[in-house]
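K.L.:
Show me how the following folds:
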Amino acid sequence: MLKFEEVDPRISLQEQFADDTNEAVILMILFTMNPEDVEAFKAAWAKDAAFDRAQPGFISAQLHQGICGSSTFLDYAVFESVAALAATTRQPEFGPLREAYPDSATARMLLFRRVATPNICVGEAKEAEVERLRTRVAELERRD
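P.N.:
All right, here's what the predicted structure looks like:
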């Protein structure tokens, strides 16, 4: 069964689930396990991700493996909001999926939001910006 450890000692994952900002959220999970459990881990993760994909508010997920035969994995999953992620974890099917992971697997989870850095990367689009872009697209469509 999958074990969990907190990443940030100042705020638990459960406390993060109280966030009520209606913005996309990124769930980052760092998984470690014994090397002999990698294939069982990947099979369990695939079932877990398929379940998540069917949930309202799920946007995407991507699993990454450390190079050179590492048995460390990074899961990068995006949900429309913390509420959507939290609702997924409350589904009756969610708990049993944890049991499919190998006993040596440990998950360290934390929620993130993108941060805008000028000329480097974009942050989350705010409602006013989204509305401005919709208006601009409508103007361009009227021209055609």
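K.L.:
ok, residue 72 - contacts?
P.N.:
Residues in contact with residue 72 (Cβ atoms under 8 Å, 6 or more residues apart in numbering) are 30, 31, 32, 65, 66. Placement of C-beta: from N, CA and C, glycine included.
K.L.:
got it, and residue 68?
P.N.:
Contacts of residue 68 by Cβ under 8 Å, 6+ apart: none found.
K.L.:
Numbering from 896 from now on, please.
P.N.:
Taking 896 as the first residue, the last one we looked at is residue 963.
K.L.:
Going along the chain, name the helices of the protein.
P.N.:
For the chain, helices defined by DSSP state H occupy the ranges 908-911, 933-948, 977-984, 989-994, 1022-1038.
K.L.:
wait, which of those helices is closest to residue 966?
P.N.:
Each of those has some distance to residue 966 by Cβ to Cβ; the shortest is helix 933-948, at 5.3 Å.
K.L.:
low-confidence ranges in the chain?
P.N.:
1019-1029, 1039 (pLDDT under 70).
K.L.:
Give me the distance between the nearest residue to residue 932 once chain neighbours are set aside and residue 917.
P.N.:
Residue nearest to residue 932 in three dimensions, not counting chain neighbours: residue 997, with 3.7 Å by Cβ to Cβ, 6 or more residues apart in numbering. Residue 997 sits 36 Å away from residue 917, going by Cβ to Cβ, to the nearest Å.
K.L.:
neighbour-wise, which of these two wins?
P.N.:
residue 997 (18 against 11; other Cβ atoms under 10 Å).
K.L.:
ok, that one touching residue 929?
P.N.:
Yes. Using Cβ atoms under 8 Å, residue 997 makes contact with residue 929 at a distance of 7.3 Å.
K.L.:
Wait, residue 1003 touches residue 901, no?
P.N.:
Yes. At 7.4 Å, residue 1003 and residue 901 qualify as touching, with contact defined as Cβ under 8 Å.
K.L.:
out of the contacts of residue 967, which is most surrounded?
P.N.:
Neighbour tally across the contacts of residue 967 (other Cβ under 10 Å): the maximum, 23 neighbours, falls on residue 926.
K.L.:
give me every residue that touches it.
P.N.:
Taking Cβ under 8 Å, 6+ apart, we find residue 926 in contact with 936, 940, 967, 968, 969, 970, 1000, 1001, 1002, 1003.
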